[in-house]
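quick one, structure for this:
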Amino acid sequence: MDRTAGTTGIPVTVHAPAGPVVGRRTGSVRRFLGIPYAQPPTGARRFAVPVRRGRFPEPFDASRHGPTSQRVPLFATTTVPEPSVPGDDILNLSVVAPAPAAGPATPCPVLVWVHGGGFLGGSPASPWYDGRSFARAGVVCVTVGYRLGVDGFAPLDGVPTNLGLRDLLLALDWVQENIAAFGGDPGRVTLAGQSAGGAAVLALLSSPAADGLFRRAVSLSGVLVEGEREPARRFVQRLGERVGVPLSRAGFGSRTVERLQRAVIGLRDELDDGTIPLGPVIGDDILPVPIAEGLAGHGHDVPLLLGATGDEFDCGAAPENPHPSPYGPAELAAARAAGTRVTDTLFRAACPRVAASRRDAGAGTWLYSFEWPSPVLGGAGHCVDIPFFFGLLDAPGSARALGPCPPAELAAAMHADLVGFVHGREPEWARATGGAGDPAREYGRPDAPLVADTTGVFDPVVRTAPSARAGSGVVEGC
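Numbers count the residues shown, from 1 in each chain. From the prediction side, this is the model:
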């Protein structure tokens with residue numbers, strides 16, 4: 001199997017219920033990469049509910065990233081480096097954990113990270129998701145791969161819906177059974193993600209199928225993807241015509257994942273309507289009701305931290321920005337004030353709406369807004385908050401998105417806030433309820449303290465924003 005270059009370091013073995021796993025230790029950080037949590041979704045298992053992986057009969061070499069669901073990048077240029085790794089074992093996860101200290105060990109809280117990419121692309125093998133800073137802060141970090149696009153979310157005849165979410169549920173179940181062997185506490189799991197990953201977090205927080213699998217939740221730039229089956233079926237019907245197959249399991253199963261991903265990209269570019277053509281759909285056992293409705297009835301014992309960047313896909317027209325804004329500076333300022341941009345009506349609108357749905361949640365909801373303007377992108381763009389929250393300003397590719405001198409003190413403060421939340425501490429700022437003047441923590445606004453508590457930053461979108469549904473939201477992602 002072709003995999004990425006191996007991790008250097010001292011071999012270290014963990015004996016988990018899943019079997020012996022051999023990773024690498026570098027200093028105080030241990031990495032166990034590409035651990036399969038399910039059988040490869042190939043052959044009869046393709047377009048089927050994921051099947052739990054059996055116990056490894058021999059030590060599993062976890063020194064390199066495993067295969068990724070993404071075969072073809074969504075865009076020629078992406079903000080987050082998103083390597084594609086070939087191979088069939090795409091349902092894998094990686095664990096980055098602190099090296100055990102001498103003496104009795106106290107189990108560490110766990111952060112489970114879901115990558116973004118519009119449910120069509122993205123990669124858990126991105127260097128932006130390396131958990132070393134979390135491990136040094138006493139957190140076990142798990143990054144998860146799941147099925148994307150047609151294989152993960154196409155509503156085909158005879159195929160269970162929301163397979164990508166079912167993959168994530170099985171991964172969370174694996175964490176419950178195995179993470180103690182890596183030094184993690186299965187009773188203190190935080191589920192977190194960004195963009196499509198943040199949307200998946202909100203979806204699972206609303207789902208009865210996820211009850212008890214995580215105790216805290218974090219959604220970065222997540223949207224309320226409340227897709228309905230028929231719009232997605234119409235897209236898949238056109239896709240089937242393009243690749244010459246019927247709208248069935250057998251038909252799409254006769255085409256390779258790579259061919260289907262290329263066809264999806266081609267059809268998306270042809271339609272050029274900025275939609276999310278495939279993603280979670282409502283009306284099954286995973287998402288029986290719309291997500292906002294589900295959030296009103298589930299997860300009230302799960303504290304939630306969520307927010308968005310100030311500009312998402314509406315950054316200025318900086319030369320290196322892969323998705324420049326159509327607005328000039330004056331138009332951008334006016335649109336932002338009115339709350340009428342894609343950023344406001346899709347991403348930022350989700351924040352007060354989720355807070356309102358969870359108004360009665362005893363565990364609490366906290367909002368943040370990332371406002372630091374990247375000099376490269378010309379604004380606080382989609383994905384640029386990730387290296388700050390991960391404490392990885394030196395990650396490969398960061399300078400291309402953030403410029404040569406991003407503020408280290410801002411990264412330290414944001415990373416500390418997230419680490420504190422994962423450790424179980426209540427955020428320092430007040431809870432949100434979805435009403436006008438809601439409090440939020442604001443990060444990096446020009447001409448203001450790098451970290452400041454504020455009110456009303458989400459007010460314009462409270463008044464103007466519609467809900468986001470699959471088939472009506474932007475697909476461009478990290």
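
from now on I want contacts and neighbour counts done on CA atoms only, so please keep to that.
Will do.

quick check: next helix or strand after the helix or strand hosting residue 231?
In this assignment (DSSP states H and E), residue 231 forms part of helix 229-243. The helix or strand immediately downstream of helix 229-243 is helix 249-253, counting by DSSP H and E.

contacting residues around that following helix?
Outside helix 249-253, the residues that touch it by CA atoms under 8 Å, 6 or more residues apart in numbering are 46-47, 156-159, 240, 245-246.

specify which member of the residues you listed is nearest to residue 148.
Using CA to CA, residue 47 comes nearest to residue 148 of the contacts of helix 249-253, at 11.3 Å.

what about that closest one, how many residues nearby?
Residue 47 is flanked by 25 other residues according to other CA atoms under 10 Å.

can you give me the distance of it to residue 147?
With distances taken as CA to CA, to the nearest Å, residue 47 is found 10 Å from residue 147.

give the residues shared as contacts by the two.
With CA under 8 Å, 6+ apart, residue 47 and residue 147 have common neighbours residue 163.

burial of residue 293, as a residue count?
Here the number of neighbours of residue 293 (other CA under 10 Å) works out to 14.

residue 207 too?
Counted with other CA under 10 Å, the burial measure for residue 207 works out to 22 neighbours.

ok, it touching residue 298?
Yes - between residue 207 and residue 298 there is a contact under CA atoms under 8 Å: 6.9 Å.

may I have the residues that are in contact with residue 11?
So residue 11 contacts 22-25 (CA under 8 Å, 6+ apart).

got a winner among the residues you listed for most neighbours?
In terms of neighbour count, residue 23 stands highest of the contacts of residue 11 at 27 neighbours, by other CA under 10 Å.

which secondary structure element contains that residue?
Under the criterion of DSSP H and E, residue 23 resides in strand 19-26.

direction included, what does that strand pair against?
Partner strands and pairing direction for strand 19-26 (DSSP bridges) are strand 10-16 (antiparallel), strand 29-36 (antiparallel), strand 60-61 (parallel).

put the alpha carbons of that strand into PDB.
Provided in PDB are the C-alpha atoms of strand 19-26 (Å, rounded to 0.1, in the frame of the first residue of the first chain):
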ATOM      1  CA  GLY A  19      -4.800  -4.800  18.900                       C
ATOM      2  CA  PRO A  20      -1.200  -3.700  19.100                       C
ATOM      3  CA  VAL A  21      -0.400  -0.400  17.400                       C
ATOM      4  CA  VAL A  22       3.100   0.800  16.800                       C
ATOM      5  CA  GLY A  23       3.600   4.500  16.500                       C
ATOM      6  CA  ARG A  24       6.500   7.000  16.900                       C
ATOM      7  CA  ARG A  25       7.600   9.200  19.800                       C
ATOM      8  CA  THR A  26       9.300  12.500  19.300                       C
END
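
touching it from outside, list them.
With CA under 8 Å, 6+ apart, strand 19-26 has contacts from 7-15, 30-33, 35, 55-63, 99.

now the buried members of the residues you listed.
7, 11-14, 30-33, 35, 60-63, 99 (16 or more other CA atoms under 10 Å).

quick one on the thing from earlier: now the contacts of helix 249-253 as a markdown table including distance to residue 230 and pLDDT?
Converted to a markdown table, these look like this (distance: CA to CA, whole Å; pLDDT from 0 to 100):
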| residue | distance to residue 230 | pLDDT |
| --- | --- | --- |
| 46 | 22 | 96 |
| 47 | 18 | 96 |
| 156 | 11 | 91 |
| 157 | 12 | 87 |
| 158 | 15 | 89 |
| 159 | 15 | 93 |
| 240 | 15 | 93 |
| 245 | 18 | 94 |
| 246 | 16 | 92 |
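
of those residues, just the buried ones, ChimeraX syntax please.
Those of the contacts of helix 249-253 that count as buried under 16+ other CA under 10 Å are selected in ChimeraX with:
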select :46,47,156,159,240,245,246
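
which residues does residue 14 contact?
Contacts for residue 14 (CA under 8 Å, 6+ apart) come out as 20-23, 181-182.

surely residue 181 is within a helix?
Yes - under DSSP: H, G, I helix; E, B strand; the rest coil, residue 181 sits within a helix.

report pLDDT for it.
Note on residue 181: pLDDT of 97.

and for it, the neighbour number?
By other CA under 10 Å, the residues close to residue 181 number 15.

what does residue 109 give?
Using other CA under 10 Å, residue 109 has 22 neighbouring residues.

then residue 436?
Neighbourhood size, residue 436 [other CA under 10 Å]: 17.

can you show me the strands along the stretch 301-450 of the chain?
For the stretch 301-450 of the chain, the strands defined by DSSP state E, counting those that start in this stretch occupy 304-309, 365-370, 439-443.

among those, which is the most enclosed?
Comparing the strands of the stretch 301-450 of the chain by mean neighbour count (mean count of other CA atoms under 10 Å), strand 304-309 ranks first with a mean of 27.

returning to that earlier point: rounded mean pLDDT for the strand holding residue 23, please.
Strand 19-26 comes out with an average pLDDT of 97.

off-centre distance for that strand?
How far strand 19-26 lies from its chain's middle: 25 Å, per CA atoms, centre = their mean, to the nearest Å.

try stretch 417-427
Centroid displacement of stretch 417-427 relative to its chain, using CA atoms, centre = their mean, is 19 Å.
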